[in-house]
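# sequence first, predicted coordinates after that:
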Amino acid sequence: MGGNMNIDVWIGVTIPFLGTSLGAACVFFMKGAISSLVRKVLTGFAAGVMVAASFWSLLEPALEQAETMGKLSFLPAAIGFLLGMGFLLLIDEITPHMHMDQTMEGPKSKLKRTTKLILAVTLHNIPEGMAVGVVYAGWLSGQTTITQTGALALALGIAIQNFPEGAIVSMPLRAEGMSKRRTFFYGVMSGVVEPIGAFLTIFAAHQIVPLMPYFLSFAAGAMMYVVVEELIPEMSEGDHSNLGTVAFALGFVLMMVLDVALG
C-alpha cells in the first residue's frame, strides 16, 4: 500500500479508539453521568449506523464475494453471521453486561466490580476492532465490493457507540473515589484493544482474503448482537425513547448515503 493509503488506514483504525478515549474524558468535565436524552440520541444514532453498516459494508460484500458458489452463496454469510452472534453471546455469558445507569450486572464473581467492568468493555471492543480491520483488509486487498468510504463510515459508527462505553468505565470508577487521571487511563486502556485487533487483522490479510466472506459476516453478526442486546434496549427504555428512534433513523440513512452514494 502507498503512503497515503497508510495514513487513511491509520486514521480509520484509530477513530473507534478515539471515541472511547473521548468518552473516558467525560470524567474531567462532568460531575454526573451523561444525561438520559444525550445518551439515547447517541445510542440510537450509533445503532442506526451499525445496522446499516452491517448490511452494506459487511453482509452485502460477503454475499457478492461468495457468488461463485451459486445457490449456496448464502452459506458463508449465514455461517459467519451466526458465529459472530454466538461469539458475543459467549462473551456476555462470561462477563457482566454494560449499562450507563448501573455499574454492573451479571454472573457472580470474586473479581472486583471495577475489574469486571473494565473486562466487559474491553472484551466487547475486540470484535468491533476486528470488524474495522476486516473491512480495511478487504479494501487494501483490492476487493471491489468494499470501499474506503464504507470502511471509514463503519469506523465512525463504532466510534460514536464507543463514546458512552468510555464513560461507562471512567464515570463509575470516579464515583468510587478513584482519581480523574487514573479513571481516564482505565477508560482509554479499555479501547486500546480495538486498534490492536484491527491492525492484527490487517497484517493477516493475505490469510484472511480467501475467507473474507466469513470474516465480514462474522463482524456483522458481532455488531448486530451489540445493537440488539445493548443499544436498542438502552435507547428504548424510559423517557426520550422517541428521540432514540429518530436518531436511529438518521444514523441508518446517513450510513446508507455514505456507503452507497459515495462508495
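It's in.
# for the record, mean pLDDT for the helix or strand containing residue 86?
Using DSSP states H and E, residue 86 sits in helix 74-94. Average pLDDT, helix 74-94: 89.
# what packs against it?
In terms of contacts (3 or more CB pairs under 8 Å, 6 or more residues apart in numbering; DSSP states H and E), helix 74-94 is packed against helix 60-65, helix 113-140, helix 212-226. Heads up, the C-betas are built off the backbone N, CA and C, glycines and all.
# in JSON lines: those, plus mean pLDDT and mean neighbour count.
Converted to JSON lines, the helices and strands packed on helix 74-94 look like this (pLDDT from 0 to 100; neighbours: other CB atoms under 10 Å):
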{"stretch": "helix 60-65", "mean pLDDT": "86", "mean neighbour count": "22"}
{"stretch": "helix 113-140", "mean pLDDT": "77", "mean neighbour count": "24"}
{"stretch": "helix 212-226", "mean pLDDT": "86", "mean neighbour count": "26"}
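# the strands in this protein, which residues?
According to DSSP state E, the chain carries its strands in the segments 97-99, 102-105.
# comparing these by mean pLDDT, which bottoms out?
Confidence, taken as mean pLDDT, is least for strand 102-105 of the strands of the chain (a mean of 42).
# how about the helix holding residue 86: buried residues?
Using 16 or more other CB atoms under 10 Å as the test for burial, helix 74-94 gives 76-78, 80-81, 83-85, 87-88, 91-92.
# related to what we said a few turns ago, closest one to residue 43 among the helices and strands packed on helix 74-94?
Proximity to residue 43, assessed across the helices and strands packed on helix 74-94 by CB to CB, is greatest for helix 212-226 (10.8 Å).
# ends of stretch 204-223, what's the gap?
By CA to CA, to the nearest Å, the extent of stretch 204-223 from end to end equals 21 Å.
# phi and psi next, for the nearest residue to residue 209 once chain neighbours are set aside.
Spatially, and ignoring its direct neighbours in sequence, residue 209 is nearest to residue 141 (5.0 Å; CB to CB, 6 or more residues apart in numbering). Main-chain torsions, residue 141, degrees, to the nearest 10: phi -80, psi 0.
# so residue 141 makes contact with residue 204?
No. Here residue 141 does not reach residue 204: they are 11.4 Å apart, not a contact under CB atoms under 8 Å.
# how many residues are close by residue 16?
30 (other CB atoms under 10 Å).
# between the helices and strands packed on helix 74-94, which gets nearest to residue 25?
Nearest of the helices and strands packed on helix 74-94 to residue 25, taken as CB to CB: helix 113-140 at 15.1 Å.
# mind giving me the packing neighbours of that closest one?
Helices and strands touching helix 113-140, by 3+ CB pairs under 8 Å, 6+ apart, are helix 3-24, helix 74-94, strand 97-99, strand 102-105, helix 148-175, helix 180-203, helix 205-208, helix 212-226.
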